[in-house]
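[1] Test case, fold it:
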Amino acid sequence: MPYLVECLASVEGQTLDPVRMEVIAVDDGSADGTGECLEEFAARAAMPVTVIRQENSGGPSGPRNVGLAKAAGRYVFFLDADDRLGPEALERMVAMADRNNTDVVLGKVEGINRKPPTTMWGQTHERTDIFSSSNIKFTLSAQKLFRRALLERHDMRFDESLWTGEDALFTMEAYLRADGVSVIADYPCYYLVGREDGKHVTKTGSYTLRFDSARALMNLIADMVPAGPRRDALMVRPFLVTLLPQFGPKFLKDDDEVRRHKLELAGPLMDAYWNPEVARRLRVHERLRLHLVAVKRPELLPDVIEFVRAQKQPEAILEKRGTRVYLAYPFFRSESAGVPDRIYLAEPREAREVEGYRESAADMFLRRAARKARRILRRTPAGDSRTPTPGGTAAAA
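    Next up, the predicted model:
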């Protein structure tokens, strides 16, 4: 409360026929009138509403699992109590899933006093997957439409041992097991609302919880995707979104004991999953910080973090007739630091921002080949586009 009032109003305002909907509301031990508000909503709503009131579980996984166990529809959608739906959200998402026989549908997210994910909303995709160019790996919140048969077939539930990042684990598994994913980019389906008190679960809790989340997601990816370029592409997400922020401006305020502990927690993850293929997919300053974590050089991190935080522009050094660009962030070609040149080498997507850069013939060939492969993937018939599951069989709806 009071966000729940507008949340429920957005449910009542759906253009999807109420007879096709059911609402399962789980009051997870609220003490602010939430339970009474839900009971009033259940009494007046046009669709069937089940209200479950329970002791506080401490996190979102338990209530979501309780609701999922009660669900009977063909699809489920997890709506957070402080957010809201666009009026046509459910109608559009269900139609998209039915039309394409896809197992997961992402609806465009817009923010209200809160920054939403943006990179995946450039284009509507009737059918895509986690490995395509749609960038869906950077939106792993639970606010998606999931085909319930997929979740039941694989006994998928939210991990109740995680305080944060439980939705990333659930959604990544759904992406990997899904027989196709759809993206609605031309209509705002979901409004992510920033609370005035700032009390979002994802913004609270110890740094150790972030490492727990990163570890769980990395292990899931490694379990489900064989080693190689596809796994490396997915590993970018936990390294960039979950691990790297622990070695950003927060690190400057940490005392020596916390810094040592962060390095200890990061060590096994860097040893297991950090490699040149993951590294090259990042921008230079991101790669540099994670490289210093991997080689256990925390004494060099503050200078790099300060440089980036100050939004300084590194000198661009062009070599090989302009086909190679090094970005001279701190310690570039410093003998005492000993950071390899390759850490500072800009990949073409970043190098193109530098005046005088000339893309090499080899890079242009690879880029064209990648575009061709994506076009072929988009033309592949729906029945042939299943993503392999760990056992080597196809996940079919």
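[2] Quick one: low-confidence residue ranges for the stretch 201-350 of the chain.
    For the stretch 201-350 of the chain, the stretches with pLDDT under 70 are 201-205.
[3] Repeat the analysis, applying 90 as the threshold.
    201-206 (pLDDT under 90).
[4] Let me see the ranges of the helices in it.
    Using DSSP state H, counting those that start in this stretch, the helices of the stretch 201-350 of the chain run over residues 207-224, 229-237, 249-253, 256-273, 276-279, 284-294, 301-309, 348-351.
[5] which of those sits most buried?
    Mean neighbours per residue, mean count of other Cβ atoms under 10 Å, is largest over the helices of the stretch 201-350 of the chain for helix 284-294, with a mean of 22. In short, each C-beta sits where N, CA and C put it, glycine included.
[6] Just put the helices of the stretch 201-350 of the chain in a markdown table and tack on distance to Ser132.
    Output for those, formatted as a markdown table (distance: least, Cβ to Cβ, whole Å):
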| stretch | distance to Ser132 |
| --- | --- |
| helix 207-224 | 16 |
| helix 229-237 | 10 |
| helix 249-253 | 33 |
| helix 256-273 | 22 |
| helix 276-279 | 18 |
| helix 284-294 | 22 |
| helix 301-309 | 30 |
| helix 348-351 | 17 |
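[7] Could you point out which of the ones you listed sits nearest Phe158?
    Phe158 lies closest to helix 207-224 among the helices of the stretch 201-350 of the chain, at 11.4 Å (Cβ to Cβ).
[8] Also compute the angle for the closest one relative to helix 229-237, please.
    On the basis of axes from the mean of the first three to the mean of the last three Cα atoms, to 10 degrees, helix 207-224 is oriented at 170 degrees to helix 229-237.
[9] got the contact list for helix 207-224?
    With contact meaning Cβ atoms under 8 Å, 6 or more residues apart in numbering, helix 207-224 is reached by 159, 162-166, 168-169, 172-173, 176, 231, 234-235, 237-239, 242-243, 245-246, 250, 258, 261-262, 265-266, 268-269, 272-273, 389-390.
[10] Check stretch 44-60 too.
    Outside stretch 44-60, the residues that reach it (Cβ under 8 Å, 6+ apart) are 11-12, 18-19, 21-30, 35, 38-39, 41-42, 63, 66-67, 70, 80, 142, 158, 160, 162-163, 166-167, 201.
[11] Leu8 should be in a strand, yeah?
    No. Using DSSP: H, G, I helix; E, B strand; the rest coil, the secondary structure at Leu8 is helix, not a strand.
[12] residue ranges for the strands of the stretch 51-200 of the chain, please.
    For the stretch 51-200 of the chain, the strands defined by DSSP state E, counting those that start in this stretch cover 75-77, 84-85, 104-112, 125-128, 145-147, 181-193.
[13] CSV for these, including mean pLDDT?
    As requested, the strands of the stretch 51-200 of the chain are exported to CSV (pLDDT from 0 to 100):
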stretch, mean pLDDT
strand 75-77, 97
strand 84-85, 96
strand 104-112, 94
strand 125-128, 94
strand 145-147, 98
strand 181-193, 95
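[14] Would you mind giving these as TSV with distance to Leu318 added?
    Below are the strands of the stretch 51-200 of the chain laid out as TSV (distance: least, Cβ to Cβ, whole Å):
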stretch	distance to Leu318
strand 75-77	50
strand 84-85	50
strand 104-112	38
strand 125-128	36
strand 145-147	48
strand 181-193	36
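[15] Can I get those strands in CSV including distance to Arg333 and mean neighbour count?
    Below are the strands of the stretch 51-200 of the chain laid out as CSV (distance: least, Cβ to Cβ, whole Å; neighbours: other Cβ atoms under 10 Å):
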stretch, distance to Arg333, mean neighbour count
strand 75-77, 53, 21
strand 84-85, 52, 24
strand 104-112, 41, 21
strand 125-128, 42, 21
strand 145-147, 50, 23
strand 181-193, 43, 21
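[16] So for Val76, which of the helices of the stretch 201-350 of the chain sits nearest?
    helix 207-224 (20.3 Å).
[17] The closest one to helix 256-273, inter-axis angle?
    Using the same axes, to 10 degrees, the direction of helix 207-224 lies 0 degrees away from that of helix 256-273.
[18] For helix 207-224, output the C-alpha coordinates as PDB.
    C-alpha atoms of helix 207-224 as PDB (Å, rounded to 0.1, in the frame of the first residue of the first chain):
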ATOM      1  CA  TYR A 207      26.800  -7.500  -0.900                       C
ATOM      2  CA  THR A 208      27.100 -11.200  -0.100                       C
ATOM      3  CA  LEU A 209      23.600 -11.700  -1.500                       C
ATOM      4  CA  ARG A 210      24.700 -10.400  -4.800                       C
ATOM      5  CA  PHE A 211      27.500 -12.900  -5.000                       C
ATOM      6  CA  ASP A 212      25.000 -15.700  -4.100                       C
ATOM      7  CA  SER A 213      22.800 -14.500  -7.000                       C
ATOM      8  CA  ALA A 214      25.700 -14.300  -9.500                       C
ATOM      9  CA  ARG A 215      27.000 -17.800  -8.400                       C
ATOM     10  CA  ALA A 216      23.500 -19.300  -8.800                       C
ATOM     11  CA  LEU A 217      23.000 -17.800 -12.300                       C
ATOM     12  CA  MET A 218      26.500 -18.700 -13.500                       C
ATOM     13  CA  ASN A 219      26.100 -22.300 -12.300                       C
ATOM     14  CA  LEU A 220      22.700 -22.600 -14.000                       C
ATOM     15  CA  ILE A 221      24.100 -21.300 -17.300                       C
ATOM     16  CA  ALA A 222      27.000 -23.700 -17.100                       C
ATOM     17  CA  ASP A 223      24.700 -26.700 -16.300                       C
ATOM     18  CA  MET A 224      22.400 -26.000 -19.200                       C
END
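[19] Go through the strands of the stretch 51-200 of the chain and name the closest to Glu353.
    Judging those by Cβ to Cβ, what sits closest to Glu353 is strand 181-193, at 25.0 Å.
[20] That closest one to strand 104-112, inter-axis angle?
    Angle, strand 181-193 to strand 104-112, by the same axes, to 10 degrees: 30 degrees.
[21] who does strand 181-193 pair up with?
    strand 84-85 (antiparallel), strand 104-112 (parallel), strand 125-128 (antiparallel) (DSSP bridges).
[22] okay if I get these as JSON lines plus distance to Pro302?
    As requested, the strands paired with strand 181-193 are exported to JSON lines (distance: least, Cβ to Cβ, whole Å):
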{"stretch": "strand 84-85", "distance to Pro302": "42"}
{"stretch": "strand 104-112", "distance to Pro302": "32"}
{"stretch": "strand 125-128", "distance to Pro302": "41"}
